[in-house]
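K.L.:
fold the following.
(2 chains)
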There are 2 protein chains.
Amino acid sequence: MPVGQNPFPAMPEILGIKLGTTNAGIKQTVRDDLLLIALAAGSTCAAVFTRNAFCAAPVHVAKANLAHQSRWLLVNSGNANAGTGQQGMTDALKTCADVAEVVGGQANQVLPFSTGVIGQPLPVAKITAALPVVVGQLDTGLWDKAARAIMTTDTFPKGVSKLITLDGHPITINGIAKGAGMIQPDMATMLAFIATDAKIAQPLLQSCLSVAVEQSFNRITVDGDTSTNDACVLMASGCASMPEIVAGSEHYLIFADAIMSVCKQLAELIIRDGEGATKLMRVVVEQAQSDAEAVRVGKTIAHSPLVKTAFFASDPNWGRILAAVGRAGIEDMILEDVQINLDDVCIVRNGGVASDYTEAAGQQVMKQEEITITIKLGRGQAKQEVLTCDFSYDYVKINAEYRT
Amino acid sequence: MPVGQNPFPAMPEILGIKLGTTNAGIKQTVRDDLLLIALAAGSTCAAVFTRNAFCAAPVHVAKANLAHQSRWLLVNSGNANAGTGQQGMTDALKTCADVAEVVGGQANQVLPFSTGVIGQPLPVAKITAALPVVVGQLDTGLWDKAARAIMTTDTFPKGVSKLITLDGHPITINGIAKGAGMIQPDMATMLAFIATDAKIAQPLLQSCLSVAVEQSFNRITVDGDTSTNDACVLMASGCASMPEIVAGSEHYLIFADAIMSVCKQLAELIIRDGEGATKLMRVVVEQAQSDAEAVRVGKTIAHSPLVKTAFFASDPNWGRILAAVGRAGIEDMILEDVQINLDDVCIVRNGGVASDYTEAAGQQVMKQEEITITIKLGRGQAKQEVLTCDFSYDYVKINAEYRT
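P.N.:
Got it, this is the predicted structure:
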C-alpha cells in the first residue's frame, strides 16, 4: 500500500515527443513492458546515471551514445541486463541497432534503458520482434501507457506535468518515473524520463538536469542501496513556438525552477511507493555548517533501520534519531545545541528531552501518514532535506520473498 | 532465537578481580541488573568507547576517570543514562561517589557504565540503596552472574575464557559481553569487560586493547547503528606469579594474540544473538588495495538491507551482493576482476554469473545457518573480515514493538 492517494495526472502531449508501448513478453505476459520514445530531429537530450561502479550494460551504452544526437530511447522492464558480462553489452548494442533499422536511423542515436531482474540474459529476440509494433504505436498522447510500461513492482504509475509560460509562450514539461526501492526489479530501480517542448541547447539542458537531480532524486532513500541501472533523462524537442532558452536569462531561471519542481515531485512519488512504506518522512536538517553536512546528517537518519522501524510503529523514539545524528561523522558537534522537532512538537532540546514535551504530543504526530523531522544543529546556516519512508514487515516480506 | 548453540563456558576465577551483582530494580524486578567489578590495588585498566558524538553521561565520566587508578567498575542494565542532559552527568558522578563511600575509595577511581533505555533519568536512589548489597557479594567466582546482570534483550549470557602459558606461568583471560543490536536497550548496546591476572602497564594494555577491538568489535554490524554507550574494558590485576609483560617481548605477542582471540569470540557471540538473527554471515574481502578498502566493501555488504533480507530468505541473490560492492565508493573498480563465492561455490566471475554455477549449489549453501561470503576484488593483497547477521521479520518486530 503506497502512502497517500496518487492518481495519475492528466498529461498533455508535447510536440516532438512520441511514445509507443507494447507487451514484448520479457517477464510480463499481459502488461506492456517495452517503451520507445521518439524525439523530433533537433531535440536535445541530457541524462544522469547511477554512480554504482558496476553499472548495467545499457547504462554503459546510453552514456556513450549520449554524445551523439539522441533520437530514440528504448526502455524495457522485467530484465535489468545487469551482471550479464560481455553478452549484456552485445545485447544492449543489438537492441539499439534493431531500433535504428526499424526507424531508419543510426544505432548510436538510440539510448537503451533496462529495469528488472539482474543476472539474466536480455531476451533480445523478443524485443526485436516487438519493435515494429512499438514503432507503429508511436503517438504524442501515450504518457499514461508509458508510465505503466516502465513499472516493475511499483504499485502505481508515476507522472508529473507542469505548464509554464515564458513571455506568453506556453511550455509543457512532462515527467514519468518508476521506483519502489530495489525489490522485484532487484537493484535495477529508478528510471525517470522528463520531456519538454522548450528549445534549449544540450550543455545547458545537462546542467539544468544535474542541478535538479542533486536536489531531488539524490535526496531520497528507501534502503540506502544504489541501483546498477538508475538513470534520469531530460529531453527537449524545441517544438514550442518561442526562442531558445539561454544561460543566465530569466527564462532559464523559470525553466530550471520548473524542472526542479517536476524532479522533486517524481522523487516524492517514488518514496510514496517505497517497498512496504506506510509513512513518508521528510528529514529537514537546519543550522548545519554546509549543505554537505546537512545532507550527511539527513541521510544517516533516513538510512537508520532503528529510526525507520520506530516510525513504522508510530513510536516517538527520539533517542534513535539523536543517536543517528551523533554517528553521522560530524566532528565537534555539541549535543546541547541540537534541537529535534516532530512537525511542530519540540522533542529534544539542551541535550535531552524537551521540558515541555509530552509523550501524548509526540504520539499524536507519529500517527500521521506524513511526518517532518526537523534537526537544528546549531552550527551554521545551511539547510537540506532528505525524503524517506518507514521500514515495515512488508519490506522484509517483499525482499525476502523475491524470486520465490 | 540466536544462531547456534551458545552455552556459557566454565570461567575460572581471576586473582585480584572480584564481581558482585544484585537486582536494584532499575527496570527488571527479578533479574540482577547491577554489577560491581573490584580490581586489586595495582591493577591496570584500559578501555575504548563509542565514537558516537553524543555519547552517554557515564561514557564521559568513565573516559575522564580512566586517567586515574581505576579500582571499581559499576555497570547497570535497564537504563542507558543517555540523552539525559546535565542531570545525567550529575547522576553518573553521584553513583561513582556512592561506590567510593561504600568501599572507602576515591570517586574518580570508579568507572560507570550504563545500558538500557535512553532518555529516562537514571534511578540513582535505587542504585545507591543496592550498593552495600553488591559490595557484600564481591567474589572472584561470579562471572556467570556478571554476564547475566549486564544483559538487556540478549537471549543468552556471553562469556569467553582463555588460558595461556608464558614460560610455564598460567595466565587466565576472562571476557563477558552484552549486545543484541540496539533493541530493547535501544541504542545503549554493546558492553564488554575482559579481565586477566597478567601484570602489564596501562599504556601497553591500552594499545593491546585498541588493536584487538579494531579487528573484532569494530568488524561486526547488526544494523549499522553506533550506540551512545558502547564500551570495552580490559583489566589486568597483575596477581599472576610472573614478571610484567613488556612491549616487544614474545610474551606480549602471545598475550596480545589471546586478547584478540577473546575479543573476536565475544564479538561473534554478539552477532549470534543479533536482533532477529537466523543466520551468521562472514563477509571476507580479499585482494583489496588496502585494509581500509577491504573493510569498506565488507561493511557495505554487511549493512545492505537487500543482502540481509535475501540471506534471511536463503536466496542466493548474488546481484544484491554485486551491487553493494559496486556502491562501496571504491574508484576504478573493474567488474570483470571481481569474484564472489558463497562458501566454496563460485557464483560470480568475469562480470557475471559463473559458468559452472548452479542455482541448486547456491541454495545448498544458503540453507546453512552460517555462511561465508568471499569477495575477491582482484586489486591487491589486503584481506579483512566483517561479521553480520541476516535481517528477518523479527528484526522489524523487535524494533517496532519496543516500548509498546
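K.L.:
compute the number of surrounding residues for A:Glu336.
P.N.:
12 (other C-beta atoms under 10 Å in any protein chain shown). Yep, even glycine has a C-beta here, placed from its N, CA and C like the rest.
K.L.:
surely it forms part of a strand?
P.N.:
No - A:Glu336 sits outside any strand when classified using DSSP: H, G, I helix; E, B strand; the rest coil, being helix.
K.L.:
now the phi/psi pair for the residue lying closest to A:Ala354 once chain neighbours are set aside, please.
P.N.:
The shortest distance from A:Ala354 to any non-neighbouring residue, by C-beta to C-beta, 6 or more residues apart in numbering or on different chains, is to A:Cys346 (4.7 Å). Main-chain torsions, A:Cys346, degrees, to the nearest 10: phi -80, psi 130.
K.L.:
quick one: the strands in the stretch 101-250 of chain A, in order.
P.N.:
Taking DSSP state E, counting those that start in this stretch, the strands of the stretch 101-250 of chain A run over residues A:110-117, A:158-166, A:169-178, A:191-196, A:220-221, A:231-236.
K.L.:
quick one: strands adjacent to the second one?
P.N.:
The one in question is strand A:158-166. Paired strands of strand A:158-166, with direction, are strand A:169-178 (antiparallel) (DSSP bridges).
K.L.:
who are the neighbours in contact with the closest residue to A:Pro243 other than its chain neighbours?
P.N.:
Closest residue in space to A:Pro243, ignoring its immediate chain neighbours: A:Lys199 at 7.2 Å, by C-beta to C-beta, 6+ apart. For A:Lys199, the contact set (C-beta atoms under 8 Å, 6 or more residues apart in numbering or on different chains) comprises A:Ala236, A:Gly238, A:Cys239, A:Ala240, A:Met242, A:Pro243, A:Glu244, A:Ile245.
K.L.:
ok, A:Cys232 next?
P.N.:
A:Ala47, A:Val48, A:Met190, A:Leu191, A:Ala192, A:Phe193, A:Ile194, A:Leu209, A:Val213, A:Phe217, A:Cys263.
K.L.:
do you know how far the fifth one is from chain B?
P.N.:
So that's A:Ala192. Using C-beta to the nearest C-beta, to the nearest Å, A:Ala192 is found at 19 Å from chain B.
K.L.:
how many residues are close by that residue?
P.N.:
Neighbour count of A:Ala192, defined by other C-beta under 10 Å: 29.
K.L.:
how about the first one?
P.N.:
Applying the criterion other C-beta under 10 Å, we find 25 residues in the vicinity of A:Ala47.
K.L.:
now swap in the third one and tell me
P.N.:
Residue neighbour count, defined by other C-beta under 10 Å, stands at 25 for A:Met190.
K.L.:
state the pLDDT value of it.
P.N.:
As predicted, A:Met190 sits at a pLDDT of 84.
K.L.:
that one contacts A:Val222, correct?
P.N.:
No - the pair A:Met190 / A:Val222 is not scored as a contact, 9.5 Å apart, by C-beta atoms under 8 Å.
K.L.:
mind listing the shared neighbours of the two?
P.N.:
Residues touching both A:Met190 and A:Val222 (C-beta under 8 Å, 6+ apart) are A:Gly179, A:Ile270.
K.L.:
and the helices in chain A, which stretches?
P.N.:
For chain A, the helices defined by DSSP state H cover A:57-65, A:85-103, A:124-137, A:143-149, A:202-215, A:250-272, A:291-303, A:305-312, A:318-326, A:359-366, A:393-401.
K.L.:
tell me the mean pLDDT over the third one?
P.N.:
Put plainly, it is helix A:124-137. pLDDT averaged over helix A:124-137 gives 97.
K.L.:
cool, and stretch A:95-109?
P.N.:
Average pLDDT, stretch A:95-109: 97.
K.L.:
repeat that for stretch A:201-213.
P.N.:
94.
K.L.:
rewinding a little: how about the helices of chain A in TSV, adding distance to B:Asn399?
P.N.:
Listed next are the helices of chain A as TSV, based on distance: least, C-beta to C-beta, whole Å:
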stretch	distance to B:Asn399
helix A:57-65	35
helix A:85-103	39
helix A:124-137	43
helix A:143-149	35
helix A:202-215	31
helix A:250-272	20
helix A:291-303	14
helix A:305-312	4
helix A:318-326	9
helix A:359-366	15
helix A:393-401	11
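K.L.:
reformat these as JSON lines; add distance to B:Pro9 and mean neighbour count.
P.N.:
Shown next, in JSON lines, are the helices of chain A (distance: least, C-beta to C-beta, whole Å; neighbours: other C-beta atoms under 10 Å in any protein chain shown):
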{"stretch": "helix A:57-65", "distance to B:Pro9": "52", "mean neighbour count": "23"}
{"stretch": "helix A:85-103", "distance to B:Pro9": "48", "mean neighbour count": "19"}
{"stretch": "helix A:124-137", "distance to B:Pro9": "59", "mean neighbour count": "17"}
{"stretch": "helix A:143-149", "distance to B:Pro9": "60", "mean neighbour count": "23"}
{"stretch": "helix A:202-215", "distance to B:Pro9": "54", "mean neighbour count": "18"}
{"stretch": "helix A:250-272", "distance to B:Pro9": "48", "mean neighbour count": "20"}
{"stretch": "helix A:291-303", "distance to B:Pro9": "37", "mean neighbour count": "22"}
{"stretch": "helix A:305-312", "distance to B:Pro9": "31", "mean neighbour count": "26"}
{"stretch": "helix A:318-326", "distance to B:Pro9": "32", "mean neighbour count": "27"}
{"stretch": "helix A:359-366", "distance to B:Pro9": "42", "mean neighbour count": "16"}
{"stretch": "helix A:393-401", "distance to B:Pro9": "34", "mean neighbour count": "21"}
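K.L.:
what's the distance between the residue located most distally from the centre of chain A and B:Gln87?
P.N.:
Distance from the centre of chain A peaks at A:Ser355, with 40.1 Å (C-alpha atoms, centre = their mean). As defined by C-beta to C-beta, to the nearest Å, A:Ser355 lies at a distance of 11 Å from B:Gln87.
K.L.:
for the residue lying closest to A:Gln109 once chain neighbours are set aside, the count of nearby residues, please.
P.N.:
In this structure, A:Gln109 finds its nearest non-sequential neighbour in A:Arg71, 4.3 Å apart by C-beta to C-beta, 6+ apart. Applying other C-beta under 10 Å, we find 22 residues neighbouring A:Arg71.
K.L.:
one more: A:Asp139?
P.N.:
Neighbour count for A:Asp139, taken as other C-beta under 10 Å: 13.
K.L.:
ok, so of the contacts of A:Lys199, who is nearest chain B?
P.N.:
Chain B lies nearest to A:Ala236 out of the contacts of A:Lys199, by C-beta to the nearest C-beta, at 30.4 Å.
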